[in-house]
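Asks: below are the sequence and a predicted model; questions follow.
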Amino acid sequence: MVKNPVNNNELYFGKHSEIPMNEEQKAYMKMAVDLSRSGMESGKGGPFGCVIVKDGKVIGIGSNSVLETNDPTAHAEIVAIRDACRNLGHFQLDGCEVYTSCEPCPMCLGAIYWARPSKVFFANDKRDAAEAGFDDDFIYQELELPYEKRKIPFEQGMQDTAKEVFQEWILKEDKTLY
Ligand SMILES: Nc1nc2[nH]cnc2c(=O)[nH]1
């Protein structure tokens, strides 16, 4: 195993997964890839597609719609999570599988963790996305930098004031945790 000497992270060489997908899983991934192509060809957005499956049924689909909607958050995974949650009538994706044509970017990774599906399958990875001109890997690298060294610097202020609301949340009795 080769490691990055700066942060000791394992370096990427070649494919991640050693467990081949079964035929059903391949069929869902093919749907995700088809969505990536149709979204790209229609001009909706970049070449990314996503399918969400629960108990053998497709409950959400999405293709990248950033260009069509002028929404920088309209990544395929976000569009599919919104579709699935709308269809389920719930804000979490318990017991669901996410099939995405590309490894999720940090934003989509966050959305996936918040939605809490049981598994994620991806085809292209963040290095493939970088070769195609997308910033997914760059943003992962930014996460490892101190706030002031990021391309978009982050500065903290008024923590005490904002924390008062967190204290109110902690004490609030009628809240739904998510
Ligand atoms: N995984 C993923 N990466 C992206 N990078 C830019 N757009 C997207 C997207 O929709 N999905």
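Replies: Done, it's in.

Asks: residues from this structure in reach of the ligand?
Replies: By CB under 6 Å from any ligand atom, the residues of the chain that approach the ligand are 46, 48, 64, 75-77, 100, 102, 104-105, 108, 129, 134, 136. Backbone N, C-alpha and C define where each C-beta goes, glycine included.

Asks: gap between stretch 146-153 and the chain center?
Replies: 22 Å (CA atoms, centre = their mean, to the nearest Å).

Asks: before we move on, what about stretch 161-168?
Replies: With CA atoms, centre = their mean, you get 29 Å for stretch 161-168.

Asks: residues contacting the residue most central in space within the chain?
Replies: Centroid-nearest residue in the chain, with CA atoms, centre = their mean: residue 108, separated by 2.0 Å. When contacts are counted by CB atoms under 8 Å, 6 or more residues apart in numbering, residue 108 touches 75-78, 100.

Asks: between those, which sits nearest the ligand?
Replies: Using CB to the nearest ligand atom, residue 75 comes nearest to the ligand of the contacts of residue 108, at 3.2 Å.

Asks: pretty sure the closest one contacts residue 66?
Replies: Yes. Between residue 75 and residue 66 there is a contact under CB atoms under 8 Å: 7.1 Å.

Asks: higher neighbour count, the two?
Replies: residue 75 (27 against 19; other CB atoms under 10 Å).

Asks: residues in contact with that one?
Replies: By CB under 8 Å, 6+ apart, the neighbours of residue 75 are 48, 64, 66, 104-105, 107-108.

Asks: rerun that using 6 Å as the cut-off
Replies: 64, 108 (CB atoms under 6 Å, 6 or more residues apart in numbering).
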